[in-house]
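1. Provided below for reference: sequence and predicted model.
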Amino acid sequence: MTDAQRDAPKGAGSEPARYVPGPAAVVRLAGSPVAALEGLRCTRSWRTATALVPLRAEIAAEADELSRLLHTAIGATGDGVLKARLVAVRRAVHRGRRVDPARLADVPADLAAPVRAWTARVAERDRLMAALPEHLEQDWAASYEALLDAARLPAFQLGLVHANPDVFLALRKWFDTGRAPQRQTVLRLAQYLARSAAKTSPYSTFTSSGLAAWGRAEEIVEPAGRPAAGRPAAVTATEVSVGSLHRIARAVGERPELLGGCRIRINPSATVFDGALLFLGRRPGEYVHGLALTPTLRRVLQLAADGSTFDDLRGTLLALAAEGNQVDVFLRRLVTLGLLELVPPLADQSADPVADLRAWLHRRRRPGLERLDRTLQELAEALSSYPTITEPGDRVAVRDAVVRTLDTALREVGDHAHAHNPKMAQEFGRYSFYENAVHPGTAAVLDRESWRPLLDDLDAVRTLLGLIGPDLPFKLTLGSLFRSRYPAGAQIPLLVFYRDVLAEQSAAVPGPAGRGSRLAHSRFADADSPVEAVRELHRLRTAGKRLLGERTPDRDGVVRVDPEEVRKLAGEWPEWVRTPTSLAVYCQLADAAHGPELVVNSIGCGFGRGRNRVRQIMDVLDLHAGVPDEPGPAAEHDGVLFAEFEAVARSAVNVRKPGVRLVVDYPGVRSTRADEDRLPVNDLHVECGEDGLLALVSRRLGRRICPVHPGLGADRLLPPAARFMIEAFGESNTWFGAHTELRMTADPRTDDGVRHLPRLMVGNVVLRRAMWMTRADRLPRRADAETGAAWMLRTAAWLAEHGIPERCFVTVLDPAALGGGGNGRGPSNDTKPNYVDFASMLLLLGLERRLAEPNAIVQISEMLPDPGQVRGEHVAEYIVELNEPGVTYA
């Protein structure tokens, strides 16, 4: 046990610990100060609009009552001038117009005061209505100035250069000339500023990360250093797009003049079964191929198992064959199918892939590679110089050089895929490289005593996640399929089972659509599933919703659940509802009257998630001093071994320090770990566990294996079979996010108005922010209002009608993605919310651009913590890990 683990909270009382926190947490800081958001608001005009909303409602309500009383008075008055005057007064009231003071003498004494007061309110309304356009015009100009001032922050400009250099150049021109760019550019600039100030963001120095140690501190969070501007200095490092480098290496390796010298191996998924050889094909399709196990193929399996080169294998086969040409055709077919792999020159988890690729090229010593090597050298020089440049404007040319040289390298090897696809070209320009900002050493100390009650409550949430995990219907369905298809006690090779599952899916959904479907999305995962365990799961989830989602809120509109109620409910669940072993909780601190609260943003797979990514970047920068202790990779729990996937899935954010000891040896992925720590796919077989769920077992080790993915990339980017292994046998990559079943109490596509879900708390943990869901065409639109002032007034009235806060986060969802919500999967949890302040015309106009699809579902979540509750100058998010007691480390 490390010192950090000893310092970490252990749970209350003398009872055995229910959980063990990770050895350190991650603190992530937004790039711009939260105060920058205030300048984007149209403060004066919004105050006018929000004053008008209740005033107009009062006038309308009183007008109805006054009209009724005046009607009675008119009826009691005979015909004549007095009646005509009272009718004129009533007509003015009915139309919401001011009553002429001269006519008040004609009003009965008991109505004179109410009519006079009502007239004063109408006069105030008219004054505010007349002032609103002028106030808005002034605020609009002021928000432009505030945006320009906030954008002068060097850290924001550095982030903007990387995120969108075109917008940065427009900003610099604005600085130089004093003339604002086109409105659309200003709106995008405002969105970038809001993103960098309101939340942590994946864009460059818009966010910086550091490691936080558990210990003793005077505050719940105590920053380790307070340099200028109240923010610890960050160091940045750059990473190139790993996927592009793999494309380059593959293209070079498959050149005829280089192919012969490449080391080869048999696809680690190759499985001999029933007289055939099954294996996973090359990505992206990754189909399961089957070849008859002929004597020649058996010979290839024997010869390629010792790390020989392509020419070694070819020479041996030529000596045995009558037709040399047939040998070449045969081997090339094996390479094309993916059975015979050229060992990638780059390890997926390489810390310096450009240097590794250049070293491999040097070892090849072939003519024609010098030009490519020079291009890669230029790429390396541009990457290394980029973070050393402190002037934002000077970085633009270097950024362009990185993108240009990477594009050149791809073209030099004949890879033009991104050039011929507009979407790929856009993504290439945006994701050619990453810049990561980290704080050296220990960025903060988390006071263990202050955090303990929060983590105790968070652990109750951990027990709940076993029930609402998105993969559980899939796991139960697969268990039923396995028992119905194979004899009792069967041990089926993983690839055979995977092939059979794909066949089942294709039969259920014929055609190409079936290959992308999942059994969890079929009728087997619904409440009326023929699988008894799935039906039981739906009953248990319904009971959980009654506890969490259907409870009457307290007076303040918050639903509060005692953590012990959750634990008691969990004690009644069957064995196949498993509490997650390791969680990474993305959360924020909020101050309340009774003390701090923990607000959950999302919950994913743990095992060092986020933390090992920060450690990897620190290693690259050689920043080892003062870093919190680490126990090493997780090895096992309760006899089950953990194994992760090292595939970067095209994204450098998956490059990290090892989170668990074992790794799945996967097709097309090169690992540098020791042989004893690698588990080939063909070493794994499937059997039925005692709890009815399927178990993945290593034949070599004779132990159960739990696949996990502690990388930061979305699980949907993993290779298909790797994703299947996690969903079928492992721990979910995303346990809880913005769109999990817990939040989907009904299908929002069927709602005519606005559906509200109150804030949900388990103890001191905010599990769900208050949220509202509606269709995009239900929001007030600028096109439906005559003026900007009228639109602002309609917006203020709409918010007041539904109790929606001014500041919030808005997510626009594809309605088609909500179709799977009933079975626990729903839309992707990596859909990112955007900060919106309805009092900011800049942000409101930016939101409207995203509402082009009228049937899109708009999810609005309260901003918690509120900007006024943010500790320090920058929004902070924490990644806190909770582990099941008994996890051992290598």
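-> Okay, I see it. Numbering: from 1, shown residues only.
2. Can you name the residues in contact with stretch 360-369?
-> Contact with stretch 360-369 is made by 249, 252, 257, 258, 261, 345, 346, 372, 373, 376, as judged by CB atoms under 8 Å, 6 or more residues apart in numbering. All C-beta spots, glycine's among them, are computed from the backbone N, C-alpha and C.
3. helices or strands next to the longest helix anywhere in the chain in the packing?
-> The helix that spans the most residues within the chain, counting by DSSP state H, is helix 109-150. Helices and strands touching helix 109-150, by 3 or more CB pairs under 8 Å, 6 or more residues apart in numbering; DSSP states H and E, are helix 43-75, helix 81-94, helix 183-198, helix 788-802, helix 841-849.
4. Lowest average confidence across those, which one?
-> Lowest mean pLDDT within the helices and strands packed on helix 109-150: helix 81-94, a mean of 79.
5. Counting by contacts, list what that one packs against.
-> Where contact means 3+ CB pairs under 8 Å, 6+ apart, helix 81-94 is packed against helix 43-75, helix 109-150.
6. Just the buried residues out of the contacts of stretch 360-369, in PyMOL syntax.
-> Buried members of those, defined by 16 or more other CB atoms under 10 Å, are picked up in PyMOL with:
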select buried, resi 249+252+258+345+346+372+376
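7. if we can go back for a sec, mean neighbour count and distance to residue 17 for the helices and strands packed on helix 81-94 - can I get that in TSV?
-> Shown next, in TSV, are the helices and strands packed on helix 81-94 (neighbours: other CB atoms under 10 Å; distance: least, CB to CB, whole Å):
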stretch	mean neighbour count	distance to residue 17
helix 43-75	17	50
helix 109-150	16	46
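8. Make TSV out of the ones you listed and add distance to residue 611.
-> What follows is the helices and strands packed on helix 81-94, written out as TSV (distance: least, CB to CB, whole Å):
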stretch	distance to residue 611
helix 43-75	40
helix 109-150	31
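9. mind checking which of those is nearest residue 737?
-> Across the helices and strands packed on helix 81-94, residue 737 has its closest neighbour in helix 109-150 (30.0 Å, CB to CB).
10. After the closest one, heading C-terminal, what element do we hit next?
-> Going down the chain from helix 109-150, the next helix or strand is helix 154-163, by DSSP states H and E.
11. What's the mean pLDDT across that following helix?
-> For helix 154-163, mean pLDDT rounds to 92.
12. For that helix, buried residues please.
-> For helix 154-163, a neighbour-count test (16+ other CB under 10 Å) marks 155, 156, 157, 158, 159, 160, 161, 162, 163 as buried.
13. who are the neighbours of it, in terms of helices and strands?
-> helix 165-177, helix 183-198, helix 392-412.
14. between these, which one is nearest to residue 566?
-> Set against residue 566 and scored by CB to CB, the helices and strands packed on helix 154-163 come closest in helix 183-198, at 30.5 Å.
15. picking up where we left off before, now, which of the buried residues of helix 154-163 sits nearest residue 299?
-> Ranked by distance to residue 299 (CB to CB), the buried residues of helix 154-163 are led by residue 162 at 52.3 Å.
16. what separates that closest one from residue 402, distance-wise?
-> Distance, residue 162 to residue 402, by CB to CB, to the nearest Å: 10 Å.
17. ditto for residue 549
-> Between residue 549 and residue 402 the distance is 48 Å, computed by CB to CB.
18. Settle it for me: which of these two has more neighbours?
-> Set residue 549 next to residue 402 and count neighbours by other CB atoms under 10 Å: residue 402 wins out with 22 against 18.
19. And the more buried one, how far from residue 168?
-> In terms of CB to CB, residue 402 sits 15 Å off from residue 168.
20. and if you look at residue 552?
-> Distance from residue 552 to residue 168, counting by CB to CB: 51 Å.
21. who's more crowded, the two?
-> Neighbours per residue, other CB under 10 Å: of residue 552 and residue 168, the larger number sits with residue 168, 25 against 6.
22. just checking, that one touches residue 156?
-> No - in this structure, residue 168 is not within contact of residue 156 by CB atoms under 8 Å, at 9.7 Å.
23. Reformat the helices and strands packed on helix 154-163 as TSV; add distance to residue 445.
-> Formatted as TSV, these follow (distance: least, CB to CB, whole Å):
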stretch	distance to residue 445
helix 165-177	36
helix 183-198	25
helix 392-412	33
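24. Just name the most buried of these.
-> Comparing the helices and strands packed on helix 154-163 by mean neighbour count (mean count of other CB atoms under 10 Å), helix 183-198 comes out on top with a mean of 22.
25. What are the phi and psi values at residue 445?
-> Dihedral angles of residue 445 (phi, psi; degrees, to the nearest 10) stand at phi -120, psi 130.
26. I meant residue 880, not that one.
-> phi -110, psi 130.
27. now residue 876
-> In this entry, residue 876 is assigned phi and psi values of phi -120, psi 140 (degrees, to the nearest 10).
28. so what's it up against?
-> Residue 876 sits next to 27, 28, 29, 30, 221, 588, 589, 870 when contact means CB under 8 Å, 6+ apart.
29. Check for me that the first one belongs to a strand.
-> Yes - secondary structure assignment places residue 27 in a strand (DSSP: H, G, I helix; E, B strand; the rest coil).
30. Now do the same contact list for it.
-> 209, 210, 211, 212, 221, 439, 443, 444, 876, 877, 878.
31. leaving aside the residues next to it on the chain, what's closest to it?
-> Setting aside the residues directly before and after it, residue 27 is nearest to residue 212 in space (CB to CB, 6 or more residues apart in numbering), at 4.6 Å.
32. what's the pLDDT at residue 775?
-> We have a pLDDT of 91 for residue 775.
33. Next, count neighbours for it.
-> Residue 775 has 20 neighbours, counted by other CB under 10 Å.
34. and it, bridged to which residues?
-> For residue 775, the beta-bridge partners are residue 857 (DSSP bridges).
35. Where in the chain is the helix or strand with the lowest mean pLDDT?
-> In the chain, no helix or strand scores lower on mean pLDDT, DSSP states H and E than helix 512-516, which sits at a mean of 49.
36. and the next helix-or-strand element following it, how far out from the chain's middle?
-> On the C-terminal side of helix 512-516, the nearest following helix or strand under DSSP H and E is helix 532-548. Computed by CA atoms, centre = their mean, to the nearest Å, the separation of helix 532-548 from the middle of its chain amounts to 26 Å.
37. send the alpha carbons of whichever helix or strand comes after helix 532-548 over as CSV?
-> Sequence order places strand 558-561 as the next helix or strand after helix 532-548, per DSSP H and E. Output of strand 558-561 as CSV, limited to C-alpha atoms (Å, rounded to 0.1, in the frame of the first residue of the first chain):
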residue,chain,number,x,y,z
VAL,A,558,-34.7,18.5,-4.9
VAL,A,559,-35.2,14.8,-4.6
ARG,A,560,-33.1,13.4,-1.7
VAL,A,561,-32.4,9.8,-1.2
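38. Pull the distance from the very next helix or strand once past strand 558-561 to the chain's centre.
-> As assigned by DSSP H and E, the chain's next helix or strand after strand 558-561 is helix 563-570. Relative to its chain's centre, helix 563-570 lies at 28 Å (CA atoms, centre = their mean).
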